[in-house]
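**Q** Sequence and predicted model, in that order:
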Amino acid sequence: EEQQPDHMGEESSSCVHWMVDYICRHREPVKLLLTRAEGTGYEQFIHNMVEVEVESTLRYMEVLRHLGRDVPELSRSLCHIIASGMFSGLFEIVVHDMPREQAQRDVEQFRQFYTGGWLKLMGG
């Protein structure tokens, strides 16, 4: 727990870059998942990803509180909206057939934007 706050930015960056690389290497299947999953077992795929992100966020905020940080209460619904927007933005790579280099650049700035927003919301 004590190490999480110091490593969160590194982990977040690493994970996002991995996701961009994965999305770019598997464009067609990801595009099918995003645009043609209705009526299949994958219909709730993005929603499920968002829910995992929300759970992780809520647990992380509890860790911060446990460490003595003054983290305001954020509603589950707000965390859901933010996570949903994050994944929607990330998947724009596929929707707009963005070249890998542009995707990496744009998503890095996108990640910085979200990180700054989370820091502000969490009292940072």
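**A** Sure, I can see it.
**Q** Stretch 96-104: which residues count as buried?
**A** The neighbour-count check on stretch 96-104 (16 or more other C-beta atoms under 10 Å) flags 98, 103-104 as buried. Placement of C-beta: from N, CA and C, glycine included.
**Q** CSV for those, including secondary structure?
**A** Putting the buried residues of stretch 96-104 into CSV (DSSP: H, G, I helix; E, B strand; the rest coil) gives the following:
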residue, secondary structure
98, coil
103, helix
104, helix
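**Q** What is the nearest of those residues to residue 70?
**A** residue 104 (34.9 Å; C-beta to C-beta).
**Q** What about the closest residue in space to that closest one that isn't next to it in sequence, how many residues nearby?
**A** Closest residue to residue 104 apart from its sequence neighbours, by C-beta to C-beta, 6 or more residues apart in numbering: residue 20 at 5.6 Å. Using other C-beta atoms under 10 Å, residue 20 is surrounded by 22 other residues.
**Q** While we're on residue 20, how confident is the model there?
**A** Residue 20 carries a pLDDT value of 93.
**Q** any idea how far residue 32 is from it?
**A** For residue 20, the distance to residue 32 (C-beta to C-beta, to the nearest Å) stands at 18 Å.
**Q** before we move on, what about residue 72?
**A** 40 Å.
**Q** now do residue 16
**A** Per C-beta to C-beta, residue 16 is found 22 Å from residue 32.
**Q** which SS class is residue 73?
**A** Applying three-state DSSP: residue 73 is coil.
**Q** hmm, I was thinking of residue 109
**A** At residue 109 the chain is in helix, as set by three-state DSSP.
**Q** same check, this time on residue 37
**A** Per three-state DSSP, residue 37 ends up coil.
**Q** That one and residue 110, how far apart?
**A** Distance, residue 37 to residue 110, by C-beta to C-beta: 23 Å.
**Q** For the chain, give me the ranges with low pLDDT.
**A** The model of the chain has pLDDT under 70 over residues 1-12, 124.
**Q** the helices in it, which residues?
**A** Counting by DSSP state H, the chain has helices at residues 4-25, 27-35, 45-66, 76-90, 92-95, 100-121.
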